[in-house]
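Novice: This is a predicted model, with the sequence first.
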Amino acid sequence: MSGSTTPLQLSPDRLLPADPGVRALARRLYDSVRELPILSPHGHVDARMLADDTPFSDPASLLITPDHYVTRLLHADGVPLEELGVGHGTLAEPEARAVWRRLCEHWAVFRGTPVRHWLESELAEIFGVTERPGPDSADRIYDRIAERLTEDAFRPRALFRRFGIDVLATTDDPCDDLAAHRELAEDPHWRGRVVPTFRPDRYLEPGRADWTENVARLAEAAGLDTGDYDGYLRALEARRRYFVEHGATSADHSHADVRTDPLTPAEAARIYRAALAGEASEAETTAFRRNMLLEMARMSCEDGLAMTLHPGVLRDHHGPTFHRYGPDTGHDLPVRAEFTRALRPLLERHGTRPGFRLVLFTLDESVFSREIAPLAGFYPSVYAGAPWWFLDAPDAIGRFRRAVTETAGFTRTSGFVDDTRAFCSIPARHDMSRRLDCGFLAELVAEHRLTEDEAFETATELVTVNPRKAFKL
């Protein structure tokens, strides 16, 4: 790149411990796992992108607009989402370039954040960018990436192979026909593994304004009558089987809480009828949703789908933004979570069932050591899910390891999840996790709490074994 530039420099020791001796061991541990294949058991990349293998249109649509981690901080710094292309669909070249300039003009807002780490890794390691983003470099960097995106080596399938992705899980509506997954599975030229994930939240919450319409869609997709509670359960079971037939290994659930209080079949059926008629109270719809989470666990025991829970999110916190731009636009915010009492009905029924998997994620750090680690340290079904969303950051990941390991060890943790819609951030996110875990293991060795051979073995298992066990990959 020409002109006066500030170099974009990535230290090979980034995120590793500061102590030279510990860092040296951490570097060797990291070198042993850095090239291992990526298992991505929870994320939001669209399978259609890989099925069609259409070239990416522009740098902004690839790296900025779909990534609410990026857009939310820019919005907080005064950049309207409108100026970031959110809600626009495909951007014309002048619009995409303007969005890119906005990122570069506000680059300083990402200092100290994991978003800065991910973006720098993407720019330097995927696209060969050698100067730091800023107002003066914005157009040069944009042109560099745009030129690369015209090459076959930067199409979705080529990048999938380059990233070393072994398994990529998507997140899918129960009524989805999974056509893209089917096309990939039947394509003789495709060698990757992309699996769907059953995400039924909107079908389990009668308190939603669109619930009756969703139930009608469920009936159509399953080819079953959902006019009564038994038919509704059969329809959900049928769609789960459909997902299993198309490669799914897990079902993902995110509600306001994870209470699993049971209802009698008669009471559940009564509330179901009232909800279809629009006559159920808020207390009744909440009770129904909690009962249905228990039913989802029963179904997981029967069809084998691992069950993942990530409660404690207040969705669409800013109503005007939601109504203008839709969901997943950066203003879903954490609230306090509780697991021990909430999950007791579920775990008393299914917690020791052979083959059942329950992965617990949280945005509430206070429950790492108080609730999730003790649960994972007793129940053979329970795994402590990796820090995600607001917690998939260097310091939070370190706190997770310290809080969970002393009670549940390493084997009862899930392995890393990237939880991303931004395809090119997948390798950067997994690399960050590997660096941090290797640093933690090196510290244990330095404190004589672990031997070197155990540290090397554990570093590999966190990447290759734990996700396969927890998510049945």
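Specialist: Perfect, I can see it now.
Novice: Tell me, how many residues neighbour residue 283?
Specialist: 10 (other C-beta atoms under 10 Å). In short, each C-beta sits where N, CA and C put it, glycine included.
Novice: Regarding it, what is its secondary structure?
Specialist: Following DSSP: H, G, I helix; E, B strand; the rest coil, we place residue 283 in the helix state.
Novice: residue contacts, the residue most central in space within the chain?
Specialist: When C-alpha atoms, centre = their mean is applied to the chain, the residue found nearest the centroid is residue 419 (1.7 Å). Contact analysis of residue 419 by C-beta atoms under 8 Å, 6 or more residues apart in numbering lists 42-44, 388-389, 392.
Novice: what about the protein, any weak spots by pLDDT?
Specialist: 1-4 (pLDDT under 70).
Novice: how about a cut-off of 50?
Specialist: Along the chain, segments meeting pLDDT under 50 span 1-3.
Novice: where do the strands sit along it?
Specialist: With strands called from DSSP state E, the chain shows them at 38-40, 165-169, 193-195, 250-253, 306-309, 313-314, 333-334, 358-360, 382-384.
Novice: what separates the fourth one from the chain centre, distance-wise?
Specialist: If you compare the mean C-alpha spot of strand 250-253 with that of the full chain, they lie 11 Å apart, counting by C-alpha atoms, centre = their mean, to the nearest Å.
Novice: other SSEs contacting that strand?
Specialist: Judged by 3 or more C-beta pairs under 8 Å, 6 or more residues apart in numbering; DSSP states H and E, strand 250-253 is in contact with helix 282-303, strand 306-309.
Novice: Equivalent analysis for the longest one, please.
Specialist: Helices and strands touching strand 165-169, by 3+ C-beta pairs under 8 Å, 6+ apart, are strand 38-40, strand 193-195.
Novice: Could I get the full set of helices for the stretch 351-473 of the chain?
Specialist: 367, 373-376, 394-408, 426-446, 452-464, 466-471 (DSSP state H, counting those that start in this stretch).
Novice: before we move on, the earlier item: right, so of the helices and strands packed on strand 165-169, which gets closest to residue 162?
Specialist: strand 38-40 (11.0 Å; C-beta to C-beta).
Novice: who does that closest one pair up with?
Specialist: With DSSP bridges as the test, strand 38-40 is paired with strand 165-169 (parallel).
Novice: Can you tell me which of the helices and strands packed on strand 250-253 is most buried?
Specialist: strand 306-309 (a mean of 25; mean count of other C-beta atoms under 10 Å).
Novice: List just the one of the helices and strands packed on strand 250-253 that sits closest to residue 52.
Specialist: Nearest of those to residue 52, taken as C-beta to C-beta: strand 306-309 at 27.9 Å.
Novice: Output the helices of the stretch 351-473 of the chain as a markdown table; include the columns mean neighbour count and distance to residue 206.
Specialist: Putting these into a markdown table (neighbours: other C-beta atoms under 10 Å; distance: least, C-beta to C-beta, whole Å) gives the following:
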| stretch | mean neighbour count | distance to residue 206 |
| --- | --- | --- |
| helix 367 | 21 | 28 |
| helix 373-376 | 23 | 28 |
| helix 394-408 | 19 | 35 |
| helix 426-446 | 23 | 36 |
| helix 452-464 | 18 | 40 |
| helix 466-471 | 22 | 29 |
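Novice: Minimum distance to residue 343: which of these has it?
Specialist: Short answer: helix 373-376, nearest of these by C-beta to C-beta, at 7.1 Å.
Novice: could you dump the closest one to CSV, C-alpha only?
Specialist: Output of helix 373-376 as CSV, limited to C-alpha atoms (Å, rounded to 0.1, in the frame of the first residue of the first chain):
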residue,chain,number,x,y,z
ALA,A,373,-19.6,-25.3,37.8
PRO,A,374,-21.2,-27.2,40.6
LEU,A,375,-24.0,-28.5,38.4
ALA,A,376,-21.4,-29.6,35.8
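Novice: so what does that helix touch, helix or strand wise?
Specialist: Right, helix 373-376 is packed against strand 382-384, helix 394-408 by 3+ C-beta pairs under 8 Å, 6+ apart.
Novice: Now distance to residue 60 too, for these, in TSV please.
Specialist: Compiled in TSV, the helices and strands packed on helix 373-376 are given as follows (distance: least, C-beta to C-beta, whole Å):
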stretch	distance to residue 60
strand 382-384	37
helix 394-408	27
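Novice: Nearest to residue 75, out of these?
Specialist: Comparison of the helices and strands packed on helix 373-376 against residue 75 by C-beta to C-beta identifies helix 394-408 as nearest, at 21.8 Å.
Novice: Next, the angle from that closest one to helix 452-464.
Specialist: Helix 394-408 runs at 110 degrees relative to helix 452-464, counting by axes from the mean of the first three to the mean of the last three C-alpha atoms, to 10 degrees.
Novice: Spit out the contact partners of residue 232.
Specialist: Contacts for residue 232 (C-beta under 8 Å, 6+ apart) come out as 215, 218, 226, 272.
Novice: returning to what we had before: among the helices and strands packed on strand 250-253, which comes closest to residue 35?
Specialist: In terms of C-beta to C-beta, the element of those nearest to residue 35 is strand 306-309, at 26.8 Å.
Novice: pull the CA atoms of that closest one into PDB?
Specialist: Output of strand 306-309 as PDB, limited to C-alpha atoms (Å, rounded to 0.1, in the frame of the first residue of the first chain):
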ATOM      1  CA  ALA A 306     -27.900 -32.000  22.700                       C
ATOM      2  CA  MET A 307     -29.800 -29.300  24.600                       C
ATOM      3  CA  THR A 308     -28.100 -25.900  25.000                       C
ATOM      4  CA  LEU A 309     -29.500 -23.100  27.200                       C
END
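Novice: hmm, who's touching that strand?
Specialist: With C-beta under 8 Å, 6+ apart as the contact definition, strand 306-309 has outside contacts at 42, 249-254, 258, 293, 296-297, 300, 356-361, 385, 470-472.
Novice: Now list the buried members of those.
Specialist: 42, 249-254, 258, 293, 296-297, 300, 356-361, 385, 470-471 (16 or more other C-beta atoms under 10 Å).
Novice: Residue 94 and residue 149: what is the separation?
Specialist: According to C-beta to C-beta, to the nearest Å, residue 94 and residue 149 sit 17 Å apart.
Novice: Give me the more crowded residue out of these two.
Specialist: More neighbours surround residue 149 than the other of residue 94 and residue 149, with 17 against 8 (other C-beta under 10 Å).
Novice: which one is the more buried one nearest to, not counting chain neighbours?
Specialist: residue 56 (4.9 Å; C-beta to C-beta, 6 or more residues apart in numbering).
Novice: that older thread, switch the strands of the chain over to JSON lines; also include distance to residue 323.
Specialist: JSON lines is the format used below for these (distance: least, C-beta to C-beta, whole Å):
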{"stretch": "strand 38-40", "distance to residue 323": "32"}
{"stretch": "strand 165-169", "distance to residue 323": "30"}
{"stretch": "strand 193-195", "distance to residue 323": "33"}
{"stretch": "strand 250-253", "distance to residue 323": "26"}
{"stretch": "strand 306-309", "distance to residue 323": "28"}
{"stretch": "strand 313-314", "distance to residue 323": "16"}
{"stretch": "strand 333-334", "distance to residue 323": "17"}
{"stretch": "strand 358-360", "distance to residue 323": "32"}
{"stretch": "strand 382-384", "distance to residue 323": "37"}
